[in-house]
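*Asks:* Could you look at this predicted model? Sequence included:
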Amino acid sequence: MGARFQEDGRPSWRSQTGVVFSCLGCVVGTGNIWRFPRIVANHAKHGGGLVFLIAWLLFLLLWSIPMVMIEYATGRYTRKAVVGAFRELVGPRASWCGMWISTVFFLIGCYYCVILGWCFYYFIYCAAHELPTQPEEGHRIFKDFAMTSRWPVLTTAVAVTLACLFVVKGVKTIERVCTCLVPALLLILTFTFIWSLTRPHSDLGLTYLFKPNWGDLSSPRLWIDALTQNAFDTGAGAGLLVPYASYMTRRHGIVRYATLIPTANNLISLVAGMTIFSAVFSTMIELRPQYTEADIIDILTDSGPGNTGLTFIWLPVLFATAGTLGRVLACLFFLCLSFAGLTSLMASVELFTHTLEDWGMRRIYAVLLCAILMGGISQISASNTAILTNQDFVWGFALIINGLLLLYLVWHVGAEVYREELINLYGSDDWHLALTWNWVIKYLAPIEALVLLVWWAVDLISSHVKHGPAWYKFGTETFMSIVVQVSAFISDTGSVRSVIIGWKFSIGCGN
């Protein structure tokens with residue numbers, strides 16, 4: 001494989017700042033501020049969240065950063081989305097690997113846009129109504145909106161439409177939007193974080209968050225959740241960074257980006273988690289002085305199916321304690337959360353669109369097809385929060401398989417060849433990637449993924465036998481739920497691949 005040093009005239013990022021904010025924006029969003037606190041809360045209920053945080057940070061180093069580096073290097077070198085990249089670097093028979101990765105994140109986008117719709121609704125609600133002052137009222141508002149009304153159908157459609165409209169214009173629009181919206185979110189989140197720490201008794205929330213329960217080390221579900229959450233935080237294995245990297249040139253330092261951007265992303269998640277825990281403890285102690293730590297944790301982990309409503313229930317109650325200023329802050333917070341979620345959804349749309357562009361479809365038609373498919377499929381999760389929880393469970397698991405497929409790409413090229421030619425020699429202004437990376441990619445990353453998957457599957461089956469529902473029944477978070485959906489997905493991916501190959505040859509794009 002010879003290194004290619006000529007640019008092909010395709011559109012590229014205009015500035016280093018635009019690259020950073022765009023790559024940060026495509027992964028910073030509701031995964032950090034909505035998903036991370038609820039996953040931590042689910043594992044902290046047994047005695048503290050420190051063990052989860054340690055596992056989560058460990059996977060940043062041993063999984064997410066190496067995976068993100070593969071995505072950046074692959075996209076920058078091939079100038080294609082995931083399917084085209086696999087076809088070029090591995091061969092035509094491996095294009096199904098890229099299709100799997102792309103479709104998994106498309107399906108994640110199909111429920112992610114539902115959460116984004118929730119953000120839109122809460123922005124409007126906070127602007128038009130008084131904020132809830134009691135946790136019970138916050139629960140009622142969330143339940144009435146997300147579980148019994150038809151509003152999520154409309155807000156989800158709006159989310160998909162906006163993302164597609166921004167993506168249709170291409171990389172320049174994506175860069176402008178992210179450069180404006182991501183800094184706004186960070187400013188509001190930082191202010192909210194500092195404010196939550198100044199609340200009375202907020203230290204008790206932080207103490208509990210960083211309290212260790214070493215018995216959790218033996219829980220495979222904790223390790224799986226830590227890995228998949230880090231993948232959600234950083235976009236590792238999702239494939240969405242490959243098309244973004246295809247707009248990079250040799251001057252963009254992907255080793256720097258792959259190290260610093262995921263680290264910053266995890267810091268944002270940690271800040272969001274600290275904000276939520278501080279808010280819940282300070283608010284509950286103020287409103288219910290008689291509550292014990294156990295009572296507060298029970299409430300913290302009872303925020304809808306899969307704890308999906310945690311951020312939406314508690315932050316409005318926290319903001320309400322500041323009166324009129326709190327209402328303004330609530331509006332700004334959910335507006336900026338909407339912006340961050342929108343930039344992440346744009347990345348999902350861009351991945352789908354770029355893939356079809358590589359196959360010869362005009363961009364506007366690719367975006368239109370994405371809008372139709374995502375808009376239709378997302379309504380299933382929008383109409384039922386239990387289904388949304390199930391999709392988050394199933395496709396979070398599939399991100400680990402995505403990572404294994406990306407590892408296969410590097411193995412096929414050769415870890416040393418990949419490190420030297422696609423990263424070190426191809427980059428002109430970057431940090432040098434050390435030989436240690438080869439060892440992580442060839443041995444450590446695949447072993448940790450396979451061991452976790454097997455360990456988790458055995459534990460899931462055995463725990464369901466003891467506590468129910470039975471592992472062989474189809475439920476929200478059961479082993480059979482994963483088996484059935486992933487099997488159907490593999491079958492459908494093969495069928496779609498056959499159709500696409502036929503379509504490509506029919507229009508003369510068969511190379």
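*Replies:* Nice, I can see it.

*Asks:* May I have the secondary structure class of the residue lying farthest from the centre of the chain?
*Replies:* Ranking residues of the chain by C-alpha distance from their mean position (Cα atoms, centre = their mean) puts Gln290 at the top, at 37.7 Å. The assignment at Gln290 comes out as coil when based on DSSP: H, G, I helix; E, B strand; the rest coil.

*Asks:* any idea of the pLDDT on it?
*Replies:* At Gln290, the model reports a pLDDT of 84.

*Asks:* how near is it to Ile296?
*Replies:* 11 Å (Cβ to Cβ, to the nearest Å). (Each C-beta comes from the backbone N, C-alpha and C, glycine too.)

*Asks:* what ranges do the helices span in the stretch 401-511 of the chain?
*Replies:* 415-417, 436-439, 445-467, 479-506 (DSSP state H, counting those that start in this stretch).

*Asks:* what's the answer for the stretch 1-150 of the chain, then?
*Replies:* For the stretch 1-150 of the chain, applying DSSP H, counting those that start in this stretch gives helices covering 16-25, 30, 36-44, 50-59, 65-78, 82-89, 95-128, 135-143.

*Asks:* and Trp395, which of these is closest to it?
*Replies:* Closest to Trp395 of the helices of the stretch 1-150 of the chain, according to Cβ to Cβ: helix 95-128, at 4.9 Å.

*Asks:* mind listing what's buried in the closest one?
*Replies:* Buried residues in helix 95-128, counted by 16 or more other Cβ atoms under 10 Å: 95-126.

*Asks:* Kindly indicate whether the spatially most central residue of the chain is helix, strand or coil.
*Replies:* When Cα atoms, centre = their mean is applied to the chain, the residue found nearest the centroid is Phe232 (3.1 Å). Of the three states, Phe232 takes helix according to three-state DSSP.

*Asks:* which residues sit in contact with the residue lying closest to it once chain neighbours are set aside?
*Replies:* Residue nearest to Phe232 in three dimensions, not counting chain neighbours: Gly31, with 4.2 Å by Cβ to Cβ, 6 or more residues apart in numbering. By Cβ atoms under 8 Å, 6 or more residues apart in numbering, the contact set of Gly31 is 112, 232-233, 269, 344.

*Asks:* and whatever helix or strand Leu325 lives in, average pLDDT?
*Replies:* Leu325 is part of helix 323-358 when elements are defined by DSSP states H and E. Regarding helix 323-358, the rounded mean pLDDT is 85.

*Asks:* by how many degrees do that helix and helix 16-25 diverge?
*Replies:* 100 degrees (axes from the mean of the first three to the mean of the last three Cα atoms, to 10 degrees).

*Asks:* I'd like the next helix or strand past helix 323-358.
*Replies:* In N-to-C order, the element after helix 323-358 by DSSP H and E is helix 363-382.

*Asks:* Tyr247 in helix, strand or coil?
*Replies:* Under three-state DSSP, Tyr247 comes out as coil.

*Asks:* what are the phi and psi angles of it?
*Replies:* Here is the backbone geometry of Tyr247 (degrees, to the nearest 10): phi -90, psi 0.

*Asks:* give me the number of residues near it?
*Replies:* Counted by other Cβ atoms under 10 Å, the residues lying close to Tyr247 total 25.

*Asks:* wait, doesn't it sit right on Val171?
*Replies:* Yes: taking Cβ atoms under 8 Å as the definition, Tyr247 is a contact partner of Val171 at 4.8 Å.

*Asks:* Of the contacts of Gly31, which one scores lowest on pLDDT?
*Replies:* Within the set of the contacts of Gly31, pLDDT is lowest for Phe232 (80).

*Asks:* Let me see the contact set for the residue nearest to the centre of the chain.
*Replies:* So Phe232 contacts 31, 35-36, 396, 399 (Cβ under 8 Å, 6+ apart).

*Asks:* One more: Ser246?
*Replies:* By Cβ under 8 Å, 6+ apart, the neighbours of Ser246 are 10, 75-76, 78-81, 354.

*Asks:* Quick check: the gap between the nearest residue to it once chain neighbours are set aside and Phe106.
*Replies:* Nearest non-adjacent residue to Ser246, counting by Cβ to Cβ, 6+ apart: Gly75, 4.4 Å away. Between Gly75 and Phe106 the computed distance is 17 Å (Cβ to Cβ).

*Asks:* Ok, which of the helices of the stretch 1-150 of the chain comes nearest Leu185?
*Replies:* helix 16-25 (8.5 Å).

*Asks:* Show me what the next helix or strand after that closest one is in contact with.
*Replies:* Heading C-terminal from helix 16-25, the first helix or strand you meet, by DSSP H and E, is helix 30. For helix 30, contacts defined as Cβ under 8 Å, 6+ apart pick out 112, 115-116, 119, 337, 340-341, 344.

*Asks:* cool, stretch 147-167 as well?
*Replies:* Counting by Cβ under 8 Å, 6+ apart, residues outside stretch 147-167 touching it are 113-114, 116-118, 120-121, 145-146, 173-174, 177, 304, 341-342, 345-346, 348-350, 353, 367-368, 370-371, 374-375, 378-379, 382-383, 385.

*Asks:* host element of the residue nearest to Tyr121 when sequence neighbours are not counted?
*Replies:* Once flanking residues are discounted, Tyr121 sits nearest to Thr155: 5.0 Å by Cβ to Cβ, 6+ apart. For Thr155, the element it lies in under DSSP H and E is helix 151-167.

*Asks:* tell me how far that helix is from the chain's mean position?
*Replies:* 18 Å (Cα atoms, centre = their mean, to the nearest Å).

*Asks:* contacting residues around Trp118?
*Replies:* So Trp118 contacts 145-146, 152, 155, 312 (Cβ under 8 Å, 6+ apart).

*Asks:* Distance to Pro200, neighbour count and pLDDT added to these, as a markdown table?
*Replies:* Output for the contacts of Trp118, formatted as a markdown table (distance: Cβ to Cβ, whole Å; neighbours: other Cβ atoms under 10 Å; pLDDT from 0 to 100):
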| residue | distance to Pro200 | neighbour count | pLDDT |
| --- | --- | --- | --- |
| Phe145 | 30 | 19 | 90 |
| Ala146 | 30 | 24 | 85 |
| Pro152 | 35 | 24 | 92 |
| Thr155 | 35 | 23 | 95 |
| Phe312 | 23 | 25 | 85 |
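
*Asks:* And these, which is closest to Phe191?
*Replies:* Phe312 (19.1 Å).

*Asks:* Please name the nearest non-neighbouring residue to the closest one.
*Replies:* Closest to Phe312 by Cβ to Cβ, 6+ apart is Phe142, at 5.2 Å.

*Asks:* ditto for Leu453
*Replies:* Leaving aside its sequence neighbours, Leu453 sits nearest to Ile400 (Cβ to Cβ, 6+ apart; 6.3 Å).

*Asks:* State the number of residues packed around that neighbour.
*Replies:* Residues near Ile400, counting by other Cβ under 10 Å: 21.

*Asks:* Likewise for Arg140?
*Replies:* 13.

*Asks:* Now do the contacts for it.
*Replies:* Pro132.

*Asks:* Could you check how far it is from Leu388?
*Replies:* From Arg140 to Leu388 the distance is 19 Å (Cβ to Cβ).

*Asks:* Tell me the span between the first and last residue of stretch 407-421.
*Replies:* 17 Å (Cα to Cα, to the nearest Å).

*Asks:* Right, I'll leave it there.
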